[in-house]
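Participant: Predicted model follows, preceded by the sequence.
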Amino acid sequence: MIGWIIMIGTGLVSALAILAFAKGRRQLWQPVAATVVLAMAGYAWQGRPELSSSEAQPIAAERGAAEALLKMRSDMDQNFGVAKMWLVTADGFARDGSYSAAAGYIQAGLREHPDNPDLWSALGLVLMLASDGEMTPPAKLAFDKARTLAPNLPAPDYFVGLAALFDRKPDITISKWNAVLERATPKAKWRPAVESQLAGLESLLAGAAPPSPELKN
């Protein structure tokens, strides 16, 4: 856990330096994403539309980015026993970018265990990865089902918030991540990571806000 926190902090500093000063930030997006989820989120919100376009790349094109997202979801799982036997294999497919295979394997698990929130949450993330970070209707449906079955499961709101950030709606992200933290137990192993990401996002927003006009006498 200490290593994870250090990675978040180091990644934030590196991401801010890259995104603030580098000219070709779009080309640097994948290396930053592979380093830390927060850096990936920061670029999605801070991207510069005036730069020349480049071919779109999946958010998990770099193995490390997918690994980070899958680890976050795994840490947030409620470990309902039977889910793990399906998720170990499905996560392996997802790490290799085989999202169709991962989704198919999870759906096979859901046919046997339709009321397992961890499986629904995992399906939502795989569908989100397959759509380059977009919260498509099928992904939203999967996260909504997971939330209905386990209202305190953090993954649905966390990833809905992340997708909102990709869609340049950071206010929704902050609201969702705050809600996740409010429901978290003090010793939740994913809590320090989300707290660090939320603090980093709020710092980015504060730094990008226009200065307040001086009051006239």
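Facilitator: Yep, it's here.
Participant: which element is Leu123 on?
Facilitator: Element membership for Leu123, per DSSP states H and E: helix 117-130.
Participant: cool, and Leu204?
Facilitator: helix 191-208.
Participant: Sort out which residues of that helix are buried, please.
Facilitator: The neighbour-count check on helix 191-208 (16 or more other CB atoms under 10 Å) flags Arg191, Ala193, Val194, Ser196, Gln197, Leu198, Gly200, Leu201, Leu204 as buried. Yep, even glycine has a C-beta here, placed from its N, CA and C like the rest.
Participant: could you list every residue that touches the third one?
Facilitator: Under the criterion of CB atoms under 8 Å, 6 or more residues apart in numbering, the contact list for Val194 reads Pro154, Tyr158, Trp177, Val180, Leu181, Ala184.
Participant: how much space between it and Trp177?
Facilitator: 6 Å (CB to CB, to the nearest Å).
Participant: Now for these two: what residues contact both?
Facilitator: Each of Tyr158 lies in contact with both Val194 and Trp177 under the rule CB under 8 Å, 6+ apart.
Participant: Measure how the helix or strand just after the helix holding Leu123 sits relative to helix 117-130, angle-wise.
Facilitator: Following helix 117-130 in sequence order, the next helix or strand is helix 137-149 (DSSP H and E). Counting by axes from the mean of the first three to the mean of the last three CA atoms, to 10 degrees, helix 137-149 lies at 160 degrees to helix 117-130.
Participant: Please spell out which residues along helix 137-149 are buried.
Facilitator: Applying 16+ other CB under 10 Å to helix 137-149 flags Ala139, Lys140, Ala142, Phe143, Lys145, Ala146, Arg147, Leu149 as buried.
Participant: thinking the last one is in contact with His113, fair?
Facilitator: To tie it back to what came earlier, the one meant is Leu149. No. Leu149 is beyond contact range of His113, at 10.7 Å (criterion: CB atoms under 8 Å).
Participant: overlap in contacts of those two?
Facilitator: Common neighbours of Leu149 and His113 (CB under 8 Å, 6+ apart) do not exist.
Participant: ok so, going back, JSON lines for the buried residues of helix 137-149, including distance to Ala68 and pLDDT?
Facilitator: Below are the buried residues of helix 137-149 laid out as JSON lines (distance: CB to CB, whole Å; pLDDT from 0 to 100):
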{"residue": "Ala139", "distance to Ala68": "18", "pLDDT": "95"}
{"residue": "Lys140", "distance to Ala68": "22", "pLDDT": "95"}
{"residue": "Ala142", "distance to Ala68": "20", "pLDDT": "97"}
{"residue": "Phe143", "distance to Ala68": "18", "pLDDT": "97"}
{"residue": "Lys145", "distance to Ala68": "24", "pLDDT": "97"}
{"residue": "Ala146", "distance to Ala68": "20", "pLDDT": "96"}
{"residue": "Arg147", "distance to Ala68": "22", "pLDDT": "95"}
{"residue": "Leu149", "distance to Ala68": "25", "pLDDT": "95"}
